[in-house]
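> Coordinates only, no sequence provided:
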């Protein structure tokens, strides 16, 4: 396990998925500690800083990357793991010891303390067919999905369209509700430890998938919202059908009774839905157990290194 | 506390909300034990019974009611409580002692046991402006919202458009996933104990709301799905704004970080979204604490009567 | 040809399709001269009259009817014809001799004269399955479709769900653009001459259809707008397939190259699309030529009676 | 007026807007005769050729370009004119002398002759913010709008995001209905004469606009369809407001009564709507009369050169 650190400066940030050369390379099993700026490029510093005034549109939502993912290992599994252990550096309202953020109303006399639940809004790879997409857009290549499910301990599976995949990530949220109804979460620069793997020989992914301890999850990102819902449900029942060797209609019926269907965002250029199925009803591991193996790497990392950089 | 029993036969079922005279009357604090048939009118009895063959469209989804809700008490609160204690009569696969349902695949060799989580898909009152709506339609009057949140212990708030409200309910599901993606849950006839209250003097409800031990919840039922989402979120932030005496933009920001946003159905003539806010961040009770008072009636009922009819 | 006159007063207007008894009866070949009030019930009389102040919601958009349509004739055709010859009585800005309406900007110094192109926004019959729907809603029973295609000389085909159909009409517009993007046309009380027929033995209509001299037209009214589009296109290619004895895929290809697809409204509770196919590519008449026969009645009426009441 | 000819071969076709260097350069007033292949890259040659078998997805819908548009003239107007005089090379069913295409049903015994009405489905420039978009996608940069309004004699206004604009065009249709409901028009290779101009100092375009002899037109391309409709309507009333010096609400009212609103496509990755306003109600020319000037160039070209290459 090599530990690699990468915190690009403003001149090195990417603003599109696709169309950039790789900035560094990691191989399966490495742990990468990556610094990401918040979605405003760090320019919203104090209450009076209006994003529309201090950040140009084309400078919004910078991502750190692209990162070339090498497939040097002899493993035959296929996957990309995000085991994020974010250390927030946002200097105000966040209490890292207590793991809380304090909400203060600005037009009313009210404050309340919320638990942190950090996540990355934007993680993606180069899109298929040579397209280059703005970082704001979630689609088949990942991108700005803005789902709170993309938190520490979650594996994100992304489809590889170019050699090295060209992974990039950013848009950290200290927490976010489902739907991201105001268009922002608790926007935060982050330092995140991730590790990756490459799955070979699997059926190509149609849409990004996620896995955590309790759920396998499919996503769909498109407009209108019902089409995002349908994509996520159809992908999930196809996945459950594979994992349980079930006829797809049987899987459909089972997902219909056990599915959990939180919305991710209804504010981005495409809307994102997540469809979840509880792993306790499965008898096999997805993709040869890659989530468990990468979680073990993450546990080992946590024991070996201080939580804070 | 009067205990009233009401199990209408096929000739007494209603098939629309609105346009029927009341079948019985209850007053606040009464407990009503109501029998409802499944959404197929009990005609799907064995594996070979195809709904499209054994049930005419106009006979689908019968509801028990309408029930005239009397407002005789001097209380100034306003609410309608559903504390359902369903006793399922579906004769196969349901184990009431173990509180499980066994799923058997029909086109694959697979079975699995699921926990029961009973709910009513369809609960509503007479619509405003004298309309008469088919029971399949969820809208401002409630109706076929098909949300698993409408389970035992949940208070449903509905707007009263005619004297006596004319409540009716049906479409019991022994459990259902979020989205009801196949178009059905575990369809079940049910026996359900409910109690009601009438809230006077409150701001008229725009859309049905729910409350359980942990959450206040708003709903929206319309197409397209993003409009259902927007309705539910807007109603929730308005409600949170009232409960916390917050400026609506402050409430918007808070809901954006704490909101839980499960979809209810994406299969009915209107789609339904639910927006939830955790009650632990509130310092007042909704509608003068009617949920707690009616929960106390429910607890008392549970102690006094056998769980099974 | 009997000439029947019917101009109901405020106490006689209907506000829902369905749920009212018939007010009068007409038989095929009769000409009915019907007076309708504007969508504000005639209460917007002068520039300062704001609809939201002078008209209650439940009094909006009154329709004249329901009209019981008798099927006494021995004909075996099936249709309902609207050959409207509207005589506008709106007293200001309308020049009936010149057949113009003068638009005067209210916040700018500008006026322009527009040609009249009168139509009825709302024409419908009792809905199926005993529902009672507000007049604002367009759906399978017709209702508030708000398409400028429903002008004089156009036959409207509606599905009959109850004995006598229970036709009602209102919401006259002196003209309206496609989409009705502000939510209103040139709202006008109208006097309209219509004649009707009843088609027996035809395939039941799924959705309202229209026919004029040059086009057969299908409609779809639902949300979201793409579903309204799909309904109208699917119905049209099914109709063209029948009329040309074409395989449905051949009809699909032909409609794809010849179809004209104007939107009707994107402001009502359901959105309405119209799909048009030019009749010059047909070799048979729809529904046994009922449009031509009823057009002949209309021509005869025009010769026999003054254009103005 | 220089006459430039450009017919790229398969190795020179572009498959994305953005991300390619310019292939040639034209200046305002030049006439460019450009050859474009059909949307299948010319590989569908006979009835048995299924596009899914003979064309790879990434080879579909090739466009000819990008073309660098020079702004060397001293004019201060800004516009891009498409005066297409297409000479179809598809060898079967098209009769260029009679200007017809013969439709032959494949699963029925039927044929009919349709008039040609050639158009380009795909015309666009490099997108803003450095994105590179597949040719299938219509958006703010133009692209695959698939509207039959983009026919000979129509000026298309596109926003310039990079030096030289980098114009490309393709996807010729010998004719197409509104909505392109099967997903294709009469796909044809084309030879098209275009001329261009550059408008300086105008308000940047939000979305592509069109102008022909009778109408100014706005477009919107997004999902869902109602959002595409809203974009096109809002842009049109803003344009009409500018041209008539009207308050925007007055323009809104006027567009609502005079607007023509045909759908363009409901089959592409984004759906496209067109909103039209009749020029006879305007008292000024758009963009300083550039449409008239470029139409004069087109007339001159028609007189000087054979219609067929």
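Structure received. Everything numeric in this text was worked out from a predicted model, so none of it was measured.
> What about the residue in the stretch 51-200 of chain A that chain D sits nearest to, how many residues nearby?
Nearest residue of the stretch 51-200 of chain A to chain D: residue A:132, at 3.9 Å (Cβ to the nearest Cβ). To be clear about C-beta, it is placed using only N, CA and C from the backbone, and glycine gets the same treatment. Residues lying near residue A:132 (other Cβ atoms under 10 Å in any protein chain shown) number 21.
> per-residue pLDDT, the residue in chain A sticking out farthest from the centre?
The outermost residue of chain A relative to its centre, with distances by Cα atoms, centre = their mean, is residue A:109 at 34.6 Å. Residue A:109 carries a pLDDT score of 83 in this model.
> so how far is chain B from it?
Using Cβ to the nearest Cβ, to the nearest Å, we find residue A:109 at a distance of 9 Å from chain B.
> Give me every residue in chain A lying close to chain C.
Contact residues, chain A versus chain C (Cβ under 8 Å from any Cβ of the partner chain): A:224, A:226.
> for chain A, longest helix please?
Criterion DSSP state H: the longest helix present in chain A is helix A:225-243.
> Could you identify the helix or strand that succeeds that one?
Later in the chain than helix A:225-243, the nearest helix or strand by DSSP states H and E is helix A:248-258.
> Need the contact partners of that following helix.
For helix A:248-258, the surrounding residues in contact (Cβ atoms under 8 Å, 6 or more residues apart in numbering or on different chains) are A:233, A:236-238, A:240-241, A:244, A:246, A:275, A:277-278, A:281, B:103, B:105-108, B:110, B:112, B:114, B:175-177, B:179-186.
> Report the buried residues of that helix.
Neighbour counts over helix A:248-258 (16 or more other Cβ atoms under 10 Å in any protein chain shown) mark A:250, A:251, A:252, A:253, A:254, A:255, A:256, A:257, A:258 as buried.
> separation between the closest residue to residue A:38 other than its chain neighbours and chain B?
Leaving out its chain neighbours, the residue that sits closest to residue A:38 by Cβ to Cβ, 6 or more residues apart in numbering or on different chains is residue A:187, at 4.4 Å. Distance from residue A:187 to chain B, counting by Cβ to the nearest Cβ: 11 Å.
> go on, residue A:114?
Relative to chain B, residue A:114 is positioned 6 Å away (Cβ to the nearest Cβ).
> what are the pairing partners of the helix or strand hosting that residue, and which direction each?
Per DSSP H and E: residue A:114 is located in strand A:111-115. Applying DSSP bridges to the sheet, strand A:111-115 is found paired with strand A:100-104 (antiparallel).
> distance between the strand it pairs with and the chain's centre?
On the basis of Cα atoms, centre = their mean, to the nearest Å, strand A:100-104 sits 23 Å off its chain's mean C-alpha point.
> what does that strand contact?
Identification of contacts with strand A:100-104 by Cβ under 8 Å, 6+ apart yields A:93-95, A:110-116, A:174-175, A:186, B:253-254, B:257.
> Let me see the contact set for the closest residue to chain C within the stretch 151-300 of chain A.
Using Cβ to the nearest Cβ, the closest approach of the stretch 151-300 of chain A to chain C is made by residue A:224 at 6.0 Å. Residues in contact with residue A:224 (Cβ under 8 Å, 6+ apart) are A:271, B:224, B:225, B:226, C:224, C:226, D:223, D:224.
> ok, the fourth one touching residue A:222?
No: under the criterion of Cβ atoms under 8 Å, residue B:226 is not in contact with residue A:222, lying 11.8 Å apart.
> Need the overlap of contacts for the two.
Residues touching both residue B:226 and residue A:222 by Cβ under 8 Å, 6+ apart: residue A:271.
> Return the residues in contact with the closest residue to residue A:159 other than its chain neighbours.
Spatial nearest neighbour of residue A:159, chain neighbours left out: residue A:205 (4.1 Å); criterion: Cβ to Cβ, 6+ apart. By Cβ under 8 Å, 6+ apart, residue A:205 lies in contact with A:157, A:158, A:159.
> For the first one, give the beta-bridge partners.
Read it as residue A:157. Residue A:157 has these beta-bridge partners by DSSP bridges: residue A:209.
> So what's the residue count around it?
Other residues close to residue A:157 by other Cβ under 10 Å number 27.
> returning to that earlier point: any chance you could list what contacts the strand holding residue A:114?
Contacts of strand A:111-115 from elsewhere in the structure, counted by Cβ under 8 Å, 6+ apart, are A:98-105, A:175, B:254, B:257-258, B:281.
> Sort out which one of those residues lies nearest residue C:4 for me.
Using Cβ to Cβ, residue B:254 comes nearest to residue C:4 of the contacts of strand A:111-115, at 62.6 Å.
> Tell me the confidence at the closest one?
pLDDT, residue B:254: 84.
> what about it, distance to chain D?
The gap separating residue B:254 from chain D is 28 Å, by Cβ to the nearest Cβ.
> quick one on the thing from earlier: after the strand holding residue A:114, heading C-terminal, what element do we hit next?
strand A:119-124.
> Please see if that following strand touches chain D.
No: using Cβ under 8 Å from any Cβ, strand A:119-124 stays clear of chain D, with a minimum separation of 14.0 Å.
> tell me how far that strand is from the chain's mean position?
The chain centre lies 4 Å from the centre of strand A:119-124; the measure is Cα atoms, centre = their mean.
> what do you get for stretch A:7-19?
Remark: stretch A:7-19 is offset 17 Å from the chain centroid, using Cα atoms, centre = their mean.
> same check, this time on stretch A:210-228
Taking mean C-alpha positions (Cα atoms, centre = their mean), stretch A:210-228 and its chain are 12 Å apart.
> And it, end to end?
Stretch A:210-228 has an end-to-end distance of 16 Å (Cα to Cα, to the nearest Å).
> and it, which residues are buried?
For stretch A:210-228, the neighbour count (16+ other Cβ under 10 Å) marks A:210-212, A:215-228 as buried.
> Separate out the buried members of the contacts of helix A:248-258.
Buried by 16+ other Cβ under 10 Å: A:233, A:236-238, A:240-241, A:244, A:246, A:275, A:277, B:103, B:105, B:108, B:110, B:112, B:114, B:175-177, B:179-182, B:184-186, out of these.
> show me where the stretch 151-300 of chain A has strands.
Assigned by DSSP state E, counting those that start in this stretch, the stretch 151-300 of chain A shows strands spanning A:155-157, A:167-173, A:187-188, A:190-195, A:209-211, A:215-222, A:263-265, A:271-278.
> Redo the ones you listed as CSV? Include mean pLDDT.
Compiled in CSV, the strands of the stretch 151-300 of chain A are given as follows (pLDDT from 0 to 100):
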stretch, mean pLDDT
strand A:155-157, 95
strand A:167-173, 87
strand A:187-188, 80
strand A:190-195, 84
strand A:209-211, 97
strand A:215-222, 96
strand A:263-265, 95
strand A:271-278, 96
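> Could you give the number of residues near residue A:199?
Quick note: residue A:199 (other Cβ under 10 Å) scores 21 neighbours.
> Surely it and residue A:290 touch.
Yes: applying Cβ under 8 Å, one finds residue A:199 in contact with residue A:290, separated by 6.6 Å.
> Around chain D, pick out the residues from the stretch 151-300 of chain A.
Residues of the stretch 151-300 of chain A lying near chain D by Cβ under 8 Å from any Cβ: A:222, A:223, A:224, A:227.
> Let me know whether the second one touches residue D:221 as I believe.
No: applying Cβ under 8 Å as the test, residue A:223 and residue D:221 come out as separate, 11.8 Å apart.
> Check the offset of stretch A:205-214 from the chain's centre.
The answer for stretch A:205-214 is 10 Å, by Cα atoms, centre = their mean.
> Apologies, that question was intended for stretch A:278-297.
Put simply, stretch A:278-297 sits 18 Å off its chain's centre (Cα atoms, centre = their mean).
> circling back to that earlier point, can you pick out the most distant pair from the contacts of residue A:224?
For these, the maximum inter-member distance is 15.0 Å, found between A:271 and C:226 (Cβ to Cβ).
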